[in-house]
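K.L.:
Quick one, what's the 3D model for this:
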Amino acid sequence: MENETATAPQLAALADTDINWDRLDKARFHIIGAILFTVQSALIHPTAVVKTRMQVAGSGLSQMNGLSVFRHILKSDGTPGIYRGFGTSAVGSLPGRVLALTSLELSKDMMLKYTQGLNMPEATRVGVANGFAGMVSNLVSCVYFVPLDVVCQRLMVQGIPGSKPCTGPFDVIRKVLKAEGVRGMYRGFGLTAVTQSPAQALWLGAYGAAQHMIWRNLGYGDNVDKKPSHMEMVAVQATAGLQETLDLFAGACSSVITTPIDTIKTRLQVIDDYGVGRPSVLKTTKALLREDGWKGFYRGFGPRFLNMSFYGTTMIVTYEIIKRLSVKQA
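P.N.:
The predicted structure follows:
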């Protein structure tokens, strides 16, 4: 029964359906992960460029809808325009992806070992481990990705009033460090961590628990000799993926709540003309209110919703593929 803790044989059976850190070929895991997540990033990067330009522009682009901004960028800059900053993001993300994937799997493995033997339903235990891993991974990743985000977003908005002209990523880093030191590279760190970490924990936790319960209901928690077929793997992943329909709805609600925070964060990381001294959340908020009123906090909502929805519905599938392609060969 689901309210009983799993026995050792049951855990052995479930090991064939849940690929943990000790079963992975680490080199293959990181190489395949870097490739597939880079492809995923390439597909959604244009939405990030459109969103960022709409959030930062004082007028003009900010008053247009996302599709119009996309067409405007294509017309003025061609395809390279909608991929501004992608090269820096793709190359710069490689070490960050290793950090994120490693911290995710290690923290999940640690929590599974820590909770082993506790009197709790196994699905709850798996959900807690996945949720904890999601939060830890996101917090660790922020240390690396926030500075990269600052650099990439400044490249995305080149030519917009309020942004400083830069010739490339190293020029961005040099100018930010000269003006503010290391602190300048971590603008928006708090806002990023506060908005992303809880969402990542809830999402991964719910997915992990749902997938575990499906396998149990198929009998893999009770029969150690029963091995899942490839078709069963795909079917279970697709069934657990039905949660992504709910995630899509949750993503819409989350976008409504977090877009104002994201708009403030983006402008905080990019614009330097809010007066004397280092830009702050308060200065950025006041400037946005002066420019556009409360509706200004929802600039770029459409492109951001598309970005979050596509990422949310493809991330877990991509991650599962990476793990299954990275299992150690017997």
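
K.L.:
Give the full set of residues in contact with the closest residue to Thr124 other than its chain neighbours.
P.N.:
In space, and not counting its chain neighbours, Thr124 is closest to Ala209: 6.7 Å by Cβ to Cβ, 6 or more residues apart in numbering. C-betas here are computed from N, CA, C, even on glycine. By Cβ atoms under 8 Å, 6 or more residues apart in numbering, the contact list for Ala209 reads Ala123, Thr124, Val126, Gly127, Asn130.

K.L.:
need those in a markdown table with distance to Asn217 and neighbour count, can you?
P.N.:
Formatted as a markdown table, the contacts of Ala209 follow (distance: Cβ to Cβ, whole Å; neighbours: other Cβ atoms under 10 Å):
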| residue | distance to Asn217 | neighbour count |
| --- | --- | --- |
| Ala123 | 10 | 21 |
| Thr124 | 15 | 18 |
| Val126 | 14 | 26 |
| Gly127 | 16 | 23 |
| Asn130 | 18 | 28 |
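
K.L.:
Need the residues you listed in a markdown table (columns: secondary structure).
P.N.:
What follows is these, written out as a markdown table (DSSP: H, G, I helix; E, B strand; the rest coil):
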| residue | secondary structure |
| --- | --- |
| Ala123 | helix |
| Thr124 | helix |
| Val126 | helix |
| Gly127 | helix |
| Asn130 | helix |
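
K.L.:
Residue ranges in the stretch 151-300 of the chain under the pLDDT threshold?
P.N.:
By pLDDT under 70, the low-scoring segments of the stretch 151-300 of the chain are 161-163, 215, 218-254, 273-278.

K.L.:
Would you map the helices across it?
P.N.:
169-180, 182-185, 189-217, 230-240, 243-270, 281-292 (DSSP state H, counting those that start in this stretch).

K.L.:
Take those helices and lay them out in TSV including distance to Thr115.
P.N.:
Putting the helices of the stretch 151-300 of the chain into TSV (distance: least, Cβ to Cβ, whole Å) gives the following:
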stretch	distance to Thr115
helix 169-180	42
helix 182-185	37
helix 189-217	13
helix 230-240	21
helix 243-270	22
helix 281-292	37
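
K.L.:
so which of those helices gets nearest Gln153?
P.N.:
helix 243-270 (5.3 Å; Cβ to Cβ).

K.L.:
Run through the neighbouring helices and strands of the helix or strand hosting Pro80.
P.N.:
Element membership of Pro80, judged by DSSP states H and E, is helix 79-82. Contact partners of helix 79-82 among helices and strands, from 3 or more Cβ pairs under 8 Å, 6 or more residues apart in numbering; DSSP states H and E: helix 26-56, helix 66-77.

K.L.:
do that again at 7 Å, thanks
P.N.:
Judged by 3 or more Cβ pairs under 7 Å, 6 or more residues apart in numbering; DSSP states H and E, helix 79-82 is in contact with helix 66-77.

K.L.:
got a list of contacts for the helix it packs on?
P.N.:
For helix 66-77, the external contacting residues (Cβ atoms under 7 Å, 6 or more residues apart in numbering) are Pro46, Val49, Val50, Arg53, Met54, Leu61, Met64, Gly81, Ile82, Gly302, Pro303.

K.L.:
And these, which two are furthest apart?
P.N.:
Across these, no pair lies farther apart than Gly81 and Gly302, at 18.4 Å, counting by Cβ to Cβ.

K.L.:
picking that back up, which of the residues in the following helix or strand past the helix holding Pro80 are buried?
P.N.:
Downstream of helix 79-82, the next assigned helix or strand under DSSP H and E is helix 86-114. If you call a residue buried by 16 or more other Cβ atoms under 10 Å, then helix 86-114 has these buried ones: 86, 88-90, 92-94, 96-105, 107-108, 111-112.

K.L.:
ok, now stretch 131-145?
P.N.:
Across stretch 131-145, burial judged by 16+ other Cβ under 10 Å covers 131-142, 144-145.

K.L.:
Just name the closest of those to Gly159, please.
P.N.:
Nearest to Gly159 out of the buried residues of stretch 131-145 is Phe145 (Cβ to Cβ; 24.6 Å).
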